[in-house]
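> Predicted model and sequence follow; I will ask about them next.
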Amino acid sequence: MSGGTNPQLGADGRLVHLLTLEGLPAATIVSILDTAEPFASIGERDVKKVPLLRGKAVFNLFFENSTRTRTTFEIAAKRLSADVINLNIGASSTSKGETLLDTIDNLVAMNADMFIVRHAQSGAPHLIASHLAATGKPHVHVVNAGDGRHGHPTQGLLDLYTIRHYKHDFRALSVAIVGDVLHSRVARSLIHGLTTLGTPDVRVIGPQTLMPARVEALGVSVHHDMREGLAGCDVVVMLRLQSERMKGALLPSSGEYFKHYGLTPEKLALAKHDAIVMHPGPMNRGVEIDSAVADGARSVILPQVTFGIAVRMAVMSMIAGA
Amino acid sequence: MGAHADPPGVNLPDAEAALAALAERMRAGVAHDAAFVGIYSGGAWLAERLASLVPGNHAVGYIDVSFYRDDYAKKGLKAGARRSELPFDVAGASIVLIDDVLYTGRSTRAAINELFDYGRPAAIELAVLVDRGGRELPIEPTYTGVRVACARALSIVLSRAADGALALGVEPAGAP
């Protein structure tokens, strides 16, 4: 996806939706990260609000539950002065048989300005964006807040922001992404972002059963041994073991998983001495990460959460003004 | 900057001479402990220079008004927004807001709104290097370096050389 076929970009190249990091030009990604920087200071002020989206109606459409992601989008939209409407779709219209696009048409009829969409089906936000274009509503914007196994672009962007904040230059970094890559839309978005920004060494580490087929095609090296995979890296991104998504026996037990792929101080010692540790949350202590690492000096897991608000403010203010 | 001096339509003064005149006027009126807050980017350079030219103990801050502009709905978010830095307590402070060119008054309005989101200042004054008239809001500077008449089609821009010397130039209006 690039150029004219990329529905995320308007005719003038400006970002109008955020659907995926795949195919998004490096300049656009850098511009989002740059824009997030001044937003990061808004949270430290007396009045944690700027007036950019005053009077805009932002609908949180979570077809799949995620209290944390929904909350961070809600905070970001409110800090931009937007009105936020949370719809717990799982419990409402769709259970009465309404189609996704009928739900969208109804909300557009209520003068929605932006949809933040979380959906179990890959491509749902893309479908909504195409529908808005086809029905002559180009002023309504869509942000993908996680779709199936496909992507979670704002999480990818906040991971990139965090890495840039601590490590500055992507072109000199080794980044290891560890764990359940198979089920992880976070990993997919981050890999696309890292390769687009020229990261020379991106590694994925995990058991064969949790690796997507042909993952090497994304430009990463694959490791099944933590010792080999973590050696000399600058950034360790731990993924959550998504037990709720696992059908069938992909793993012997979580204890066995921790033994091989859990990040302990001993395993972290193989990375560079100043390597940072990230996790998209919510984390399973004692399953993919040891508490001594999660709470340790090299963990930047809580700064990730803070940066996530700034990154979402940047995305929303860029697309709503396009 | 792509700016060139003295094209038809404007007679540009020397920026350093205008700065000296502005500093002279501020010496007579500015509170000893007033904080100087420059609007990015030209106003930020001026705030630094004025803090040493105007006697007193002046904290220096910087403000980027991108998130408070009134043309967001029309033009979108400008790329290159910077973090506002106000390293003093805005509540109760005497503040001199500093900008390079005062024109419509819209940036000043945005800056005042932003300052109030940090706290309630005791007073805000406005110092500008160049006043080119053309106000669209009821805003007047407290201190002015120089007044200039300028064709609407042109923007007056301040630039800073590597050695810190300031210069005024013009660009077609609407250039980024």
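Good, I have the coordinates.
> what number of residues lie near the closest residue to chain A within chain B?
Closest to chain A within chain B is B:G76: 3.2 Å, counting by Cβ to the nearest Cβ. C-beta here means a position set from N, CA and C on the backbone, and glycine is covered the same way. By other Cβ atoms under 10 Å in any protein chain shown, the residues close to B:G76 number 18.
> same check, this time on A:D102
Neighbours of A:D102 (other Cβ under 10 Å): 12.
> Now the helix or strand containing it: buried residues?
Assigned by DSSP states H and E, A:D102 belongs to helix A:100-109. Neighbour-count burial for helix A:100-109, with 16 or more other Cβ atoms under 10 Å in any protein chain shown as criterion, is recorded at A:L100, A:T103, A:I104, A:L107, A:V108.
> which residues touch the fourth one?
Listed by Cβ atoms under 8 Å, 6 or more residues apart in numbering or on different chains, the contact set of A:L107 reads A:F59, A:L61, A:L87, A:F115.
> one step back: look up phi and psi at the residue of chain B closest to chain A.
Phi and psi for B:G76, reported as degrees, to the nearest 10, are phi 80, psi -180.
> Not counting its neighbours along the chain, what's nearest it?
What sits nearest to B:G76 in space, not counting adjacent residues and going by Cβ to Cβ, 6 or more residues apart in numbering or on different chains, is A:G321, at 3.2 Å.
> For that neighbour, give its distance to A:Q8.
15 Å (Cβ to Cβ, to the nearest Å).
> which ones are touching the residue nearest in space to the middle of chain B?
Centroid check for chain B by Cα atoms, centre = their mean gives B:D99 as the closest residue, at 0.5 Å. By Cβ under 8 Å, 6+ apart, the contact list for B:D99 reads B:G38, B:I39, B:G42, B:G43, B:L46, B:S107, B:T108, B:A111, B:L126, B:A127, B:V128, B:L129.
> Filter those residues down to the ones in helices?
Under the assignment DSSP state H, the contacts of B:D99 contribute B:G42, B:G43, B:L46, B:S107, B:T108, B:A111 to helices.
> if we can go back for a sec, export the buried residues of helix A:100-109 to JSON lines and tack on pLDDT and distance to B:P138?
Below are the buried residues of helix A:100-109 laid out as JSON lines (pLDDT from 0 to 100; distance: Cβ to Cβ, whole Å):
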{"residue": "A:L100", "pLDDT": "90", "distance to B:P138": "50"}
{"residue": "A:T103", "pLDDT": "91", "distance to B:P138": "47"}
{"residue": "A:I104", "pLDDT": "95", "distance to B:P138": "44"}
{"residue": "A:L107", "pLDDT": "95", "distance to B:P138": "41"}
{"residue": "A:V108", "pLDDT": "97", "distance to B:P138": "39"}
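> re earlier: so the residue nearest to the centre of chain B belongs to a strand, correct?
Yes: if the criterion is DSSP: H, G, I helix; E, B strand; the rest coil, then B:D99 is within a strand.
> That one bridge partners, please.
Assessed by DSSP bridges, B:D99 has beta-bridge partners B:V128.
> where along the stretch 101-250 of chain A do the helices fall?
Secondary structure of the stretch 101-250 of chain A (DSSP state H, counting those that start in this stretch): helices at A:124-134, A:153-167, A:185-196, A:226-230.
> how about the longest one against chain B, any contact?
By that I understand helix A:153-167. No: Helix A:153-167 is not in contact with chain B by Cβ under 8 Å from any Cβ of the partner chain; minimum separation 12.8 Å.
> what's the angle between that helix and helix A:185-196?
50 degrees (axes from the mean of the first three to the mean of the last three Cα atoms, to 10 degrees).
> re the thing from before, looking at the buried residues of helix A:100-109, which is nearest A:G281?
Minimum distance to A:G281 across those is 27.3 Å, recorded for A:L100 (Cβ to Cβ).
> how much space between the closest one and B:R27?
Taking Cβ to Cβ, one finds A:L100 at 67 Å from B:R27.
> cool, A:A297 as well?
On the measure of Cβ to Cβ, A:A297 and B:R27 end up 50 Å apart.
> Ok, B:G105 next?
25 Å.
> higher neighbour count, these two?
B:G105 (17 against 14).
> Contacts only, for that one.
So B:G105 contacts B:R135, B:E136, B:L137, B:P138, B:I139 (Cβ under 8 Å, 6+ apart).
> now those as CSV including secondary structure and distance to A:K137?
As requested, these are arranged in CSV below (DSSP: H, G, I helix; E, B strand; the rest coil; distance: Cβ to Cβ, whole Å):
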residue, secondary structure, distance to A:K137
B:R135, coil, 38
B:E136, coil, 33
B:L137, coil, 34
B:P138, coil, 39
B:I139, coil, 38
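> hang on, the earlier thing: who are the contact partners of the residue of chain B closest to chain A?
Applying Cβ under 8 Å, 6+ apart, the residues near B:G76 are A:R14, A:M318, A:G321, A:A322.
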